[in-house]
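Colleague: whatever this is, show me its structure:
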Amino acid sequence: MSDTAILINTAVAVIATVVLIVRFKVNPVISLVIGSAYLGLAVGLGVKKTVETITTGFGDIMVEVGLLIAFGVLMGSILNETGAIRRLVERLLKTFGPGRLPYTMGLACATVLQSIFLDVLLVISAPLARRLAPKIGRLGTARMATAMAISLECGIVFMVPGVGALALAGLLNVPLGKMLLFGLLIVVPTVVIAIAIMTFLFRRGLWKEESDENHELFADEEEEQHDGGAPTGPGAPFRNNGSGGTPASGTPAAGTPAAGTGGSAVAVAEQTRQEPALTLLFAPLLLSLVLIAAGAILEVSKIEIAPIQFVGEPVIALLIGLVGTCIVGRYTVGQKRVEAGISAGFRESGQILLLTGVGGSLAAAVTAAGVGDILGGFFTASHVAPLLVVWVIAAVLHIAVGSVTLSAITAAGLLAPIAPALGLDPVLVALAAGAGSLFMVHVTSNTFWLLQALLGQTTRGALKSVSLGVSVASVVALGLVTLLSLFI
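Modeller: Here you go, the predicted model:
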């Protein structure tokens, strides 16, 4: 078969996959398998070889990241049960003050909290962000909404153990420690710069409170606050904290009595004293990341220290983190809550694992078709143009499909075979695909509507804070990845 015919059939497979998802609402997992099967048969692999390619591609990627995704999601689900996220946000507000809250909360969501499945993290953190927004002052809702959108989406694709980052690393055979280090180099400045740009635009008149905010959505909640109901400040207990409905345990601000009687204030204070330190709750997760980074540093330095190499292996490091999180969770909220968190984590990880696996199937079909050799001849060893191509492919897929993770995985799968021919380090391809998949989060995205509803925005407001905000982050990240390519 000619090179042109192979490229045409590859394009048809990708377009058909997108159409099935967008137009006919077919589940992405099923659509990707259909696309992979079509490509294998169309380029002449034959029935047996096509099936083997699909199943082998699925199995290979599961070997790479299956346990990592499962361990990461389980850790996040248990952290949810302990109320650690709510307490972290309250601590950030108290430590850094209202003015820096969008940046501090954004960086927390984009880094240390990425073990938590996106929708869970969003549902937990968005109501906290909404209630804290008035404390920032003017443009509080706009700044918190765009900070949440940018940090949540960037964390998925850049920061280990975000599911997108794990999938990209697995598809492109990037050592997880390397993905962690370089992803951190990209995600931190991307979040800070993108939030700063959006804040500048908001202050120049982009945000119109009367048309971009939906105050009626939470009118009952606001009325309760004005009528002396449950306080909603940084140290006040939240009615629904994402931790199984148990009362929040933040302490009242200095000099401010707790709601209700003096006895209630004593009870709250007593509960606070009994809470474990926040560092203890996150210690297992942080230890995992440190071990992975240590293993990566040893690998780059070509230093052999067997014990550190063992615990620095990503699977072992995350297993240590999961065991530690279970122990801490059992100590803080009890065994039943830990078991509930584990059950929820298994439910959340199922579709993620399937989606990642069939992304590997498509990548395997593309490789078997010889697309990598064909496209590799179209590019020189120049860094800029190939990275831009990866970014554009991922961006177009995301605009059509509406899924950051799916578009990143698909783009990486299509480009993975040509990375060696481009003279690019695979980590650059992974980061560029992640950056492109962030472009234009819009109405086809479930995240868009969650942010719109949970942060009290109108659709017009969400188009500004979410669609424009994350698109700015996408472009900023591409620039940073391009700059990074000059050094590796």
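Colleague: tell me which residues of the one helix or strand Cys326 maps to come out buried.
Modeller: Using DSSP states H and E, Cys326 sits in helix 314-332. The neighbour-count check on helix 314-332 (16 or more other CB atoms under 10 Å) flags 314, 316-322, 324-326, 328-330, 332 as buried. C-beta here means a position set from N, CA and C on the backbone, and glycine is covered the same way.
Colleague: ok, now how distant is Gly97 from Ala108?
Modeller: When distance is defined by CB to CB, to the nearest Å, Gly97 is 15 Å away from Ala108.
Colleague: which one's more surrounded, those two?
Modeller: Counted by other CB atoms under 10 Å, Gly97 and Ala108 do not tie: Ala108 has more neighbours, with 19 against 12.
Colleague: for the more buried one, pull up the helix or strand it's in.
Modeller: helix 101-110.
Colleague: name the residues that touch that helix?
Modeller: 88-89, 92-93, 95-96, 121, 125, 129, 132, 135-136, 143-144, 146-148, 150-152, 154-155, 158-159, 187-188, 191-192, 195, 199 (CB atoms under 8 Å, 6 or more residues apart in numbering).
Colleague: and Phe200, how many neighbours?
Modeller: Phe200, neighbours per other CB under 10 Å, totals 10.
Colleague: in terms of helices and strands, where is it?
Modeller: Assigned by DSSP H and E, Phe200 falls in helix 176-201.
Colleague: so which other helices or strands are in contact with the helix or strand that that helix is followed by?
Modeller: Helices and strands here follow DSSP H and E; after helix 176-201, the next one along the chain is helix 209-212. Identification of packing neighbours for helix 209-212 by 3 or more CB pairs under 8 Å, 6 or more residues apart in numbering; DSSP states H and E yields helix 459-462.
Colleague: what residues sit buried inside the helix it packs on?
Modeller: For helix 459-462, a neighbour-count test (16+ other CB under 10 Å) marks Gly461, Ala462 as buried.
Colleague: contact partners of that helix?
Modeller: Counting contacts by CB under 8 Å, 6+ apart, the residues outside helix 459-462 that touch it are 141-142, 145, 207, 211-214, 443, 448-449, 451-452.
Colleague: can you list these in a markdown table and add pLDDT and distance to Ser361?
Modeller: Below are the contacts of helix 459-462 laid out as a markdown table (pLDDT from 0 to 100; distance: CB to CB, whole Å):
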| residue | pLDDT | distance to Ser361 |
| --- | --- | --- |
| Thr141 | 85 | 42 |
| Ala142 | 89 | 41 |
| Ala145 | 89 | 36 |
| Trp207 | 90 | 43 |
| Ser211 | 82 | 45 |
| Asp212 | 83 | 42 |
| Glu213 | 83 | 44 |
| Asn214 | 77 | 42 |
| Val443 | 62 | 29 |
| Phe448 | 78 | 28 |
| Trp449 | 72 | 29 |
| Leu451 | 78 | 31 |
| Gln452 | 79 | 33 |
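Colleague: weed out the non-buried ones from those residues.
Modeller: Listed as buried from those are Thr141, Ala142, Ala145, Trp207, Asp212, Glu213, Asn214, Phe448, Leu451, Gln452; burial here means 16+ other CB under 10 Å.
Colleague: tell me the one of those nearest Ile61?
Modeller: Checking the buried ones among the contacts of helix 459-462 against Ile61 by CB to CB gives Phe448 as the nearest, at 27.6 Å.
Colleague: and that closest one, what does it touch?
Modeller: Val441, His442, Ala462, Val466, Ser467.
Colleague: and stretch 186-205, average pLDDT?
Modeller: Across stretch 186-205, pLDDT averages out at 94.
Colleague: what comes up buried for it?
Modeller: 186-188, 190-195, 197-199, 201-202.
Colleague: closest to Leu180 out of these?
Modeller: Nearest to Leu180 among those: Val187, at 10.4 Å, using CB to CB.
Colleague: show the pLDDT at the residue nearest the centre of the chain.
Modeller: In the chain, the residue lying closest to the centroid (CA atoms, centre = their mean) is Ile156, at 2.0 Å. Reading off the confidence values, Ile156 has pLDDT 87.
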